[in-house]
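> Have a look; sequence and predicted model below, questions after that.
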Amino acid sequence: MTRIGTDGHEGHEGHEGHEGHEGHEGHEGHEGHEGHEGHEGHEGHEGHESRAPSGALSSALGRARDGTVGFWDGSATRTPVSTGQSSFSAFAKLAPRPRRAVIDQALGAQFGVELGDSTKPNAEGRVTLQNGKLVTLKKPTDAFLAEHQLHYLRSAADLRGDRLTEIRVQTGNIQSFFATVGYMSSSATRWTLEMNQAVFRLCVALEMPLKMGFDVARPIAMSPKVQPIIQTPGHGAWPSGHATEAFAAATVLTRLFYNEAFDPVASVAAENELYRHAARIAINRTVAGVHYPTDSMCGAILGITVGEALVKLLDGASETPARVYHGDSYSGDFNLSLLSKALGEPTIVESTQLQIDASVVPAWMRRMWDIAKQEW
């Protein structure tokens, strides 16, 4: 059995440009998901340390030092004020990239991916939490997709004219759509944004090994009449990364934005604004011609379950829902109503409870989460 941890996945930042030679939507990278870095561009404008210094700047600084420092015998003349600070103070002072690396390592130590065979495509795979089975996914065959799923793209294509602008923006940015529901600012809601970005990165670290391990064909491989309106990404279709990330973010943000008991299944049934955006983002991928509805159903279940588990860990709960998605037999379409029905139908989604240990959450991360909740 192949087990894949998610430690160190902060390296996914900035991948959105690396596939620019691949076609008419070449800026997408691994589906463009790292454009989520925020609609305010809140990273990267931190003075001369925010990028590699130019030769002229380095030369100027060196000459200025020679002209101003005077004689120095190498002795210390001040005491560092950070000695003895709390772990959260140390964390909060980190530059953006090291801070992301610290968050990603902490989350990656909790979540992982299990695939039974590393030599060929798998029929089943799992996301684990603390080595327990959190999400089990059973994939459809190519023949099943051709018979029961491909036809949905024919009618979905009728929406392309209305949805084109959204589709293009969402290839690289879904953050901004959630920011229409709750005020998100790098100044006023810094830790909400930090957590939401961490959710996106965690999802990428989980979904990409699953996509590779399942190796499900994209719709364009089924028929020359699909003709997507954006570049088909260079990895498997199942689960949908956009759906996974959108529903995970919607779940975590539901905990923060709404002053009500946290119950993702009830919030999906009520179709709150965050889940409406998540569903529309997912559906747009079918409209664009790059995903089947089952990809979105799989991603939604994966995203909700991972997002809910993360909230439960951070809130100090002792258990969280674990789910099995029977994608090998799901022939339906995808929307919020159908998702709500699937979550209550054991032949589509089985639900149990997984015991978790919230004591392993680092103190600095619990503090970050507490502050994020106070931002709302």
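Thanks, I have the structure now.
> For the stretch 201-350 of the chain, just list every one of the strands.
Listed in chain order, the strands found in the stretch 201-350 of the chain under DSSP state E, counting those that start in this stretch are 319-326, 349-355.
> Identify the residues contacting the shortest one?
The contact list for strand 349-355 (C-beta atoms under 8 Å, 6 or more residues apart in numbering) reads 129, 132-134, 301, 309, 318-326, 342-343. (Glycine included, C-beta is placed from N, CA and C.)
> that older thread, looking at the strands of the stretch 201-350 of the chain, which one is packed in the most?
The highest mean neighbour count among the strands of the stretch 201-350 of the chain, using mean count of other C-beta atoms under 10 Å, belongs to strand 319-326: a mean of 20.
> in its sheet, what does that one sit against?
In the sheet, strand 319-326 lines up against strand 132-138 (parallel), strand 349-355 (antiparallel) (DSSP bridges).
> How about residues contacting that strand?
Contacts for strand 319-326 (C-beta under 8 Å, 6+ apart): 129, 132-138, 297-298, 301-302, 305, 308-309, 312-313, 347-356.
> And it, how far out from the chain middle?
Relative to its parent chain, strand 319-326 has a centroid offset of 18 Å by C-alpha atoms, centre = their mean, to the nearest Å.
> how about this structure, which residue sits the furthest from its center?
Phe71 (52.6 Å; C-alpha atoms, centre = their mean).
> quick one on the thing from earlier: out of the strands paired with strand 319-326, which comes closest to Ala372?
strand 132-138 (22.4 Å; C-beta to C-beta).
> Report the next helix or strand after the closest one in sequence order.
For strand 132-138, the succeeding helix or strand toward the C-terminus, using DSSP states H and E, is helix 142-148.
> buried stuff in that next one?
Residues of helix 142-148 classed as buried by neighbour count (16 or more other C-beta atoms under 10 Å): 144-146, 148.
> With stretch 304-320 instead?
Neighbour-count burial for stretch 304-320 [16+ other C-beta under 10 Å]: 304-315, 320.
> Please name every helix or strand in contact with the top helix by length along the chain.
Determined from DSSP state H, the single longest helix within the chain is helix 190-214. Packing partners of helix 190-214 (3 or more C-beta pairs under 8 Å, 6 or more residues apart in numbering; DSSP states H and E): helix 96-108, strand 111-115, strand 124-129, helix 175-178, helix 241-257, helix 293-315, helix 363-374.
> That one versus strand 124-129: what angle between them?
Put simply, helix 190-214 runs at 150 degrees to strand 124-129, going by axes from the mean of the first three to the mean of the last three C-alpha atoms, to 10 degrees.
> Now do helix 190-214: distance to the chain's middle.
3 Å.
> same check, this time on stretch 279-289
Distance, centroid of stretch 279-289 to centroid of chain: 17 Å (C-alpha atoms, centre = their mean).
> just stretch 256-270 next, same as before
19 Å.
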